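Asks: here's a sequence, model it:
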Amino acid sequence: MDMKLLILDRDGVINHDSDAYIKSLEEWIPLPGAIEAIARLSRAGWTVAVATNQSGLARGYYDLPTLEAMHARLRQMVAEQGGEVGLIVHCPHGPDDGCDCRKPRPGMLKAIAAHYGLPLAGVWFVGDSSGDLEAARAVDCQPVLVKTGKGQRTLAKTLPAGTLVFEDMAAVADHLLS
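Replies: Numbers count the residues shown, from 1 in each chain. I've put the predicted structure just below:
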């Protein structure tokens, strides 16, 4: 079975990001075209997984049931358009916890690969931050930057060699489905 896997960061790629964190279901607002893009990819046979740093859990800004409600909303919205969201993994730790999962470390990407029994080499990891791109490079994923979220700020920095750049998730889907 030749499975097509795509891994996405969440905040700033799928939904609006905030420097004050996304702390409630009300604050979880999809970016224009993102839900449609995920559904289109899913309908075309792509498995779309998500790897998201959620240090707000460690900081006490929201709890796990709140995070799970956001992800249930994401799944529901994509399902309404005939698609599905694959595995969602999150890092609950703070930046000083020394975990292996918080991007730029690639632990979450490895967990997704293990779940699906797939090698990560060449798999696209779409993010909006340097940490996303560095996590991708660490496991030989294809780093992909979208200009949504922190993407414009990230674009101003030095990007890892070979990084692909797109306007948003809709443009990523257009490219993969063309």
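Asks: now do the residue nearest to F166 when sequence neighbours are not counted, the pLDDT please.
Replies: Using Cβ to Cβ, 6 or more residues apart in numbering and skipping residues adjacent in sequence, the residue nearest F166 is V172, 4.9 Å away. All C-beta atoms are positioned from the backbone trio N, CA, C, and that covers glycine. V172 carries a pLDDT value of 98.
Asks: just the element for V172, please.
Replies: Per DSSP states H and E, V172 falls inside helix 169-177.
Asks: by contact count, what packs against that helix?
Replies: If contacts are counted by 3 or more Cβ pairs under 8 Å, 6 or more residues apart in numbering; DSSP states H and E, helix 169-177 sits against helix 34-43, strand 124-127, strand 142-146.
Asks: between these, which one is nearest to E134?
Replies: When the helices and strands packed on helix 169-177 are compared by Cβ to Cβ, strand 142-146 sits nearest E134, at 8.1 Å.
Asks: and whatever helix or strand comes next after the closest one, what's buried?
Replies: Using DSSP H and E, the helix or strand that follows strand 142-146 towards the C-terminus is helix 151-155. By 16 or more other Cβ atoms under 10 Å, the buried positions in helix 151-155 come out as G151, T154.
Asks: extract the C-alpha trace of helix 151-155 and format it as PDB.
Replies: Listed next in PDB are the C-alpha coordinates belonging to helix 151-155 (Å, rounded to 0.1, in the frame of the first residue of the first chain):
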ATOM      1  CA  GLY A 151       5.100  32.600   8.100                       C
ATOM      2  CA  GLN A 152       6.000  36.100   7.000                       C
ATOM      3  CA  ARG A 153       8.200  36.500  10.100                       C
ATOM      4  CA  THR A 154       9.900  33.200   9.300                       C
ATOM      5  CA  LEU A 155      10.300  34.100   5.700                       C
END
